[in-house]
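Q: Quick one: sequence plus predicted model below, questions after.
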Amino acid sequence: MPSSPPQSASAASPLADVTASDAALRRFLHGLPGVDAVGLEARAAALGTRSIKTTAKAYAIDLAISMIDLTTLEGADTPGKVRALSAKGVTPDPTDRGTPPVAALCVYPDMVAEARAAVAGSGVKVASVATAFPAGRAALPVRLADTRDAVAAGADEIDMVIDRGAFLAGRYLEVYEQIRAVRDVCGTARLKVIFETGELSTYDNIRRVSWLAMLAGADFVKTSTGKVAVNATPANTLLLMEAVRDFRRETGRQVGVKPAGGIRTSKDAVKYLVMVNETLGADWLSARWFRFGASSLLNDLLMQRQKLRTGNYSGPDYVTVD
Amino acid sequence: MSERLAVLKTYKLFIGGTFPRSESGRVYQVTDAKGGWLANAPLASRKDARDAVVAARKAFGGWSGATAYLRGQVLYRVAEMLEGRRGQFTAEVAAGSGLSKAKAAAEVDAAIDRWVWYAGWSDKVAQVAGGANPVAGPYFNLSTPEPTGVVAVLAPRESAFLGLVSVLAPAIVTGNTVVLVASESAPLPALSLAEVLATSDVPGGVVNVLSGRAAELGAPLAAHRDVNAIDLSGADAELARELEVAAADNLKRVLRPRPGTSWTADPGPERMLALLETKTVWHPTGSLGASGSAY
């Protein structure tokens, strides 16, 4: 099934003019091929049936740990909790120093400074949600100020939410321009754009919003906030991966993918890694291009890791209570 | 009248309140005392044991947190259900162990009586195993017994039903959850008991029943970090020693098999007490504050 956009007439920069006007952008996004929902879900399910064992499993577990954005996004977050989680991110398993650190810590903007100080010198990055996360229902200046705060506090990465209301109402150019505006205030911080796929109703919408965000300069496309009923699923993550793959083919620019929410077991994580390898290839198999937005996943990965190391099944008594 | 079709029963495992086949897809033949085929029982694997421990751990909070009164009621309900299935259990015990119909019926009756006896202990064990301790200071000092957690039980190889009840009931009555490995040679009463448990208010995961080889299932359970105690009643001397060594790794409580145990004798409370931990609370009493107030 072709999932790339129709070839534009201009060979030099095929996508240069699609964002010239609201009408042009709409024409482009609605010109993307429709998603075969049954085929997509079947493909995602089929990729989840691979059996990954022994050395491949050990590799996958370590890789998955190194790709985690260890997340705490609760109203009840305290500086102490952020420090504890930072310590865990830097040294996930104190009984085995060979365990790789996680990719990043993901916190609310007001906790960025705390997290920054706690992970200093470890190589673990600090990601901050911003732009009135999780609903995104605030005026653009407020959302930009939110982003500026997070960047000023030292965030390496910004996880923004799109205005789903504007997208669903068909105001594509408005969403595009908002992402551009956030992109501009991010400076050197990498921008992850959260679609909240659970609120977008259709696979076609998910494909359109993926292209929209990548055209606007997203460094990462991310499925969900983790705050609604439907979070990352294998099918909608596969759809993001296909969009990212086709986008690089068209433009040469590589964009990362981050499924978030609902990934709790090592088995699930390995399924996603298989999907990355089969859909995107080895170029994306690193923490720079693929992330898991998760919190409880890390404990399960650590228990699996202990099982592989000792041969005995581990238990929740041997990992932290977060 | 036409001849009836044979309706053979598919015996299955009992994990987390559901009846799955073994993850491995394996079965083995269960035979009667004379070697005749009785049924195919699932031959559980290491991974089934792992899944059972996860289910037991998940059920532990709710079951240990339930009031002793409620646990007693639930266990009594199990006895009611067993009573209604006496015929089935008698037939299974008779076929599996070669006992006469009358002796098998007597064993089933004794097992149901024992179940009721243990059910009655649920709200009494705290008074026997705990209480107020006299201490040399102005404190109330209270000890209460608490369930130890997930208990792996290797059911006795002989006495397939009375022995089974005698190791299972004392483990769960105090609030532990159990992964039970049925007798390899006579697993059918255990697998049928699972059907009774599933229909008598026992929350899913409190009891998980596996059938298969004691050595194959005992090894991962004894070494499992998330199992808090193991009852080796169904292990022979050599296997028991091996499993005890594996269990020592995370300081599990171990109940050693006692050769010559008569399952028909009065069991006493020992099996319950062996799977409890004591929590002691110190609470200040009397005038302690500088101002003379109580607190």
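A: Structure received.
Q: what does chain A have sitting close to chain B?
A: Where chain A comes near chain B, counting by CB under 8 Å from any CB of the partner chain, the residues are A:306, A:311, A:312, A:313, A:314, A:315, A:316, A:317, A:318. Just so you know, the C-beta spots here come from the backbone N, C-alpha and C atoms, and that holds for glycine as well.
Q: C-alpha coordinates for the helix or strand harbouring residue A:142, PDB please?
A: Residue A:142 belongs to helix A:140-152 when assigned by DSSP states H and E. Extracted C-alpha coordinates of helix A:140-152, given in PDB (Å, rounded to 0.1, in the frame of the first residue of the first chain):
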ATOM      1  CA  LEU A 140      -0.800  31.100  22.100                       C
ATOM      2  CA  PRO A 141       1.100  33.700  24.000                       C
ATOM      3  CA  VAL A 142       0.500  31.700  27.200                       C
ATOM      4  CA  ARG A 143       1.600  28.500  25.600                       C
ATOM      5  CA  LEU A 144       4.800  30.200  24.200                       C
ATOM      6  CA  ALA A 145       5.600  31.700  27.600                       C
ATOM      7  CA  ASP A 146       5.200  28.200  29.100                       C
ATOM      8  CA  THR A 147       7.700  26.900  26.600                       C
ATOM      9  CA  ARG A 148      10.100  29.800  27.100                       C
ATOM     10  CA  ASP A 149      10.100  29.100  30.900                       C
ATOM     11  CA  ALA A 150      10.900  25.400  30.400                       C
ATOM     12  CA  VAL A 151      13.800  26.200  27.900                       C
ATOM     13  CA  ALA A 152      15.100  28.900  30.200                       C
END
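Q: Would you mind giving me the confidence score for residue A:191?
A: For residue A:191, the pLDDT comes out at 97.
Q: Next, it: phi, psi?
A: Main-chain dihedrals, residue A:191, degrees, to the nearest 10: phi -110, psi 120.
Q: thinking it is in contact with residue A:217, fair?
A: Yes: using CB atoms under 8 Å, residue A:191 is in contact with residue A:217, at 7.0 Å.
Q: and those two? which has more neighbours close in?
A: With neighbours defined as other CB atoms under 10 Å in any protein chain shown, residue A:191 and residue A:217 compare such that residue A:191 has more, 22 against 17.
Q: Show the contacting residues for that one.
A: Shown in contact with residue A:191 (CB atoms under 8 Å, 6 or more residues apart in numbering or on different chains): A:157, A:158, A:160, A:179, A:182, A:183, A:217, A:218, A:219, A:220.
Q: partners of the first one in the sheet?
A: Yep, that's residue A:157 we're talking about. Note on residue A:157: beta-bridge partners by DSSP bridges are residue A:127, residue A:190.
Q: dump the residue contacts of it.
A: By CB under 8 Å, 6+ apart, the contact list for residue A:157 reads A:104, A:125, A:126, A:127, A:128, A:189, A:190, A:191, A:192, A:220.
Q: that older thread, mind checking which of the contacts of residue A:191 are in helices?
A: With DSSP state H as the criterion, helices contain A:179, A:182, A:183 from among the contacts of residue A:191.
Q: quick one on the thing from earlier: anything in contact with each of residue A:191 and residue A:217?
A: A:179, A:183.
Q: which bits of chain B sit near chain A?
A: Residues of chain B that fall close to chain A, judged by CB under 8 Å from any CB: B:50, B:53, B:57, B:220, B:223, B:224, B:225, B:226, B:227, B:246, B:249.
Q: Of these, keep whichever come out buried.
A: Neighbour counting by 16 or more other CB atoms under 10 Å in any protein chain shown classes B:50, B:53, B:57, B:220, B:223, B:224, B:225, B:226, B:227, B:246 among the residues of chain B next to chain A as buried.
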